[in-house]
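Colleague: After the sequence you'll find the predicted model.
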Amino acid sequence: MVSGELISHLLANSGNRIDHGLAAGLSVTDTINQLYRAALSRTPTAEESAALIEHVGRQANQRRGLEDVAWSLLNSNEFLFRR
Amino acid sequence: MPNSLHPFSWAAAIHRRDMLRIGGPGLLGLTLPKLLQAQETPVVAHSPTGKAKSVIFLFQWGGPSHVDTFDMKLNAPDEYRSKYSAISTSVPGMHVCEHLPETAKVMHRIAQIRTVHHTMNNHNSAGYTALTGVEPPTDDQRLRDSLDLFPAFGSVVDKVAPNVNQLPTFVSFPHTISDGSTTPGQRASFLGKIHDPLFIPNDPNEANFELSQLSLPSDVSLSRLSDRRQLQQIINRQAKALDESAAAQGLNAYYEKAIRMLNSKQVRDAFDISKEPTELRDAYGRTTYGQGCLLARRLVESGVKFVTVYFSRSIGGRSKTDGGWDTHGFDDTRMYEILPEWHLPITDHTLPVLLNDLQDRGLLDETLVMWFGEFGRTPKINKNISRDHWPKCYTALLAGGGVQGGAVYGESDKYGAVPDRDPVTTGDLAATMYHAMGIDHTIEVRDNFGRPLPIANGRPVTDIFV
């Protein structure tokens, strides 16, 4: 999970949820919210929002930052242990 | 009112709670910070007498025939006697199979136990027994890996005497062995996944041998991974109760361990077999198993404590080009034609090379090498001019780690069928291994039901040591 090729491909895959968000002109905040709803069935808390938006802002391009958000969601306890 | 001179009255005047507070941790000389530290530091159960700092376990899946290799019965009747001749070795009076000429030259480094025995006739049940020292409840070929079963030797070592350097304690490769279903005894079972081996599925004989676990995808640098880890931890903090659960702690420990290894140049170097000289790689043989033995030497040299090299993925026995030792003579194949083409040459080109390599580097004294499978083979030759399973008496080889080279412990009968003298159970063999490592073989671990079980159910064969 930490370094898997499969996860890497899924995150980078064109046409995935991140791409849809960017293509529809969604803001970073809204794209992050969409990723949260898809992975954890909730919206991010204030602390999460602040940290994630700040992280995406610091990246060379938005897509990389959003891929990192998606990775973190997929590797979170909440995602891995629910159900 | 109690008499203050009476000892009982004095004791009664002090409240129980006060006694506990004063006389508890303080009495033991442990203040609170030290108590916490004691919990975090693993119990390193070493005694000064163990010479072996590492173990290389060469597991001979399929079951090598003891009477055709190291315990040959040259005077047995035709229906029992090996079809191979014996050759003399570096040990006066000791013989081995004619197809092991290089091994014959290093028999003075090898000790044999010729009376190992257990009661499991099937590969999975016997394999589990050989890999853990413990027999399963039934001789079930379809024995399935479950948390009720005992952990692999290396996982036990990782639990009771883990590495304190940066390297993994327990590494195994390159096959997950199976016979129909995955053979139990290869991983940590009830000790918890954190004690699983670092298992390498890649072939060390491949040109681009690289640990898939230790390499990142091309678009992920270590610093990007570090950023991701920070985001992950922020998300994890939101569900505090979940974050503190045992399962989440285990998973967190796993991420920490994985990332620490990814970051460690020392670990990456240890696995970089391309750094070995070509002539040495050739000497071990350009086979998966040969390069695996070389990798094992490299790993113990770097400080890995327990390395298991599996001879093959399958029990084999029907092929002259790969597979394990299970030569029944099925499918119109014949054991005596197959062994000199595959199993014996590959053994002869790896075991002596490994032992000499360890010796040349001054590592043999502190590295215990073990060579055995899950059973031997029937003393009586079957109708396919081959041999079937035989757990009642078989041979295990030990070298290095303070073992007396050239020694033979235990004697089988004139057919190689049952122990005549000094039988050794798989539990005794496990105890012997822990003894070599200076680990107390009576230490207990808790199984899935919380029951205390000794790590080895037997007694060490101390006679086999110098």
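Modeller: Sure, I can see it.
Colleague: what about the strands in the stretch 1-150 of chain B?
Modeller: In the stretch 1-150 of chain B, the strands defined using DSSP state E, counting those that start in this stretch lie at B:54-60, B:86-88, B:95-97, B:110-117.
Colleague: ok, now the stretch 151-300 of chain B?
Modeller: For the stretch 151-300 of chain B, the strands defined by DSSP E, counting those that start in this stretch cover B:170-173, B:178-179, B:181-182, B:198-199.
Colleague: I'd assumed B:D68 was in contact with B:R81.
Modeller: No: the criterion here is Cβ atoms under 8 Å, and B:R81 misses it with B:D68 at 9.6 Å. C-beta here means a position set from N, CA and C on the backbone, and glycine is covered the same way.
Colleague: which one of those two has more residues nearby?
Modeller: Counted by other Cβ atoms under 10 Å in any protein chain shown, B:R81 and B:D68 do not tie: B:D68 has more neighbours, with 27 against 18.
Colleague: I'd like to know how far the more buried one sits from B:Y80.
Modeller: 11 Å (Cβ to Cβ, to the nearest Å).
Colleague: Get me the contact residues on chain A for chain B.
Modeller: Counting by Cβ under 8 Å from any Cβ of the partner chain, chain A comes close to chain B at A:2-5, A:8, A:12, A:45, A:47-48, A:51-52, A:55, A:68-69, A:71-73, A:75-78, A:80-81.
Colleague: what sits against B:G406?
Modeller: Each residue near B:G406 by Cβ atoms under 8 Å, 6 or more residues apart in numbering or on different chains is listed here: B:90-91, B:94, B:107-111.
Colleague: In the stretch 351-466 of chain B, which residue sits closest to chain A?
Modeller: B:N448 (20.2 Å; Cβ to the nearest Cβ).
Colleague: For chain B, which element, helix or strand, carries the lowest mean pLDDT?
Modeller: The helix or strand of chain B with the poorest confidence is helix B:32-40; it has a mean of 37 (mean pLDDT, DSSP states H and E).
Colleague: can you tell which of the strands of the stretch 151-300 of chain B is closest to chain A?
Modeller: Comparison of those against chain A by Cβ to the nearest Cβ identifies strand B:198-199 as nearest, at 13.0 Å.
Colleague: neighbouring strands for that closest one, and are they parallel or not?
Modeller: Sheet pairing of strand B:198-199 (DSSP bridges) gives strand B:170-173 (parallel).
Colleague: Pull the distance from the partner strand to the chain's centre.
Modeller: The chain centre lies 9 Å from the centre of strand B:170-173; the measure is Cα atoms, centre = their mean, to the nearest Å.
Colleague: for the helix or strand hosting B:L354, which positions count as buried?
Modeller: In the assignment (DSSP states H and E), B:L354 maps to helix B:351-360. Applying a neighbour-count criterion of 16 or more other Cβ atoms under 10 Å in any protein chain shown, one finds B:351-359 buried in helix B:351-360.
Colleague: Contact partners for the residue of the stretch 1-150 of chain B found nearest chain A?
Modeller: Closest contact between the stretch 1-150 of chain B and chain A, by Cβ to the nearest Cβ, is at B:L147 (18.1 Å). Shown in contact with B:L147 (Cβ under 8 Å, 6+ apart): B:189-190, B:448.
Colleague: between those, which is closest to B:D420?
Modeller: Proximity of these to B:D420, judged by Cβ to Cβ, is greatest for B:S189, which lies at 35.4 Å.
Colleague: Surely the closest one touches B:F153?
Modeller: No: counting by Cβ under 8 Å, B:S189 sits too far from B:F153 to count as a contact (11.9 Å).
Colleague: Quick check: neighbours shared by those two?
Modeller: Taking Cβ under 8 Å, 6+ apart as the contact criterion, no residue touches both B:S189 and B:F153.
Colleague: so what's the residue most central in space within chain A up against?
Modeller: Against the mean C-alpha coordinate of chain A, by Cα atoms, centre = their mean, the closest residue is A:A70 at 2.8 Å. A:A70 makes contact with A:11, A:17-18, A:35, A:39, according to Cβ under 8 Å, 6+ apart.
Colleague: Going by mean pLDDT, which of the strands of the stretch 151-300 of chain B comes out lowest?
Modeller: Of all the strands of the stretch 151-300 of chain B, mean pLDDT reaches its minimum on strand B:198-199 (a mean of 90).
Colleague: returning to what we had before: buried subset of the contacts of B:L147, written for ChimeraX?
Modeller: To isolate the buried members of the contacts of B:L147 in ChimeraX, using 16+ other Cβ under 10 Å:
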select /B:189,190
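Colleague: Could you find the lowest-pLDDT member of the contacts of B:L147?
Modeller: For these, the weakest pLDDT value sits at B:N448, with 89.
Colleague: my read: that one touches B:L191, true?
Modeller: No: using Cβ under 8 Å, B:N448 makes no contact with B:L191, being 10.0 Å away.
Colleague: Could you point out the helix or strand that follows the least confident helix or strand in chain A by mean pLDDT?
Modeller: Of all helical and strand segments in chain A, the minimum by mean pLDDT, DSSP H and E falls on helix A:5-12, at a mean of 71. Sequence-wise, the next helix or strand downstream of helix A:5-12 (DSSP H and E) is helix A:17-23.
Colleague: Which residue lies nearest to B:D68 in three dimensions, sequence-adjacent residues excluded?
Modeller: With sequence-adjacent residues excluded and distances taken as Cβ to Cβ, 6 or more residues apart in numbering or on different chains, B:D68 is closest to B:S82, at 4.5 Å.
Colleague: returning to that earlier point: most neighbours among the contacts of A:A70, which one is it?
Modeller: Neighbour tally across the contacts of A:A70 (other Cβ under 10 Å): the maximum, 23 neighbours, falls on A:I18.
Colleague: What count of nearby residues applies to the nearest residue to that residue once chain neighbours are set aside?
Modeller: Of all residues not flanking A:I18 in the chain, A:L66 sits nearest, at 4.8 Å (Cβ to Cβ, 6+ apart). Counted with other Cβ under 10 Å, residues neighbouring A:L66 total 26.
Colleague: do you know how far A:L66 is from B:I234?
Modeller: From A:L66 to B:I234 the distance is 16 Å (Cβ to Cβ).
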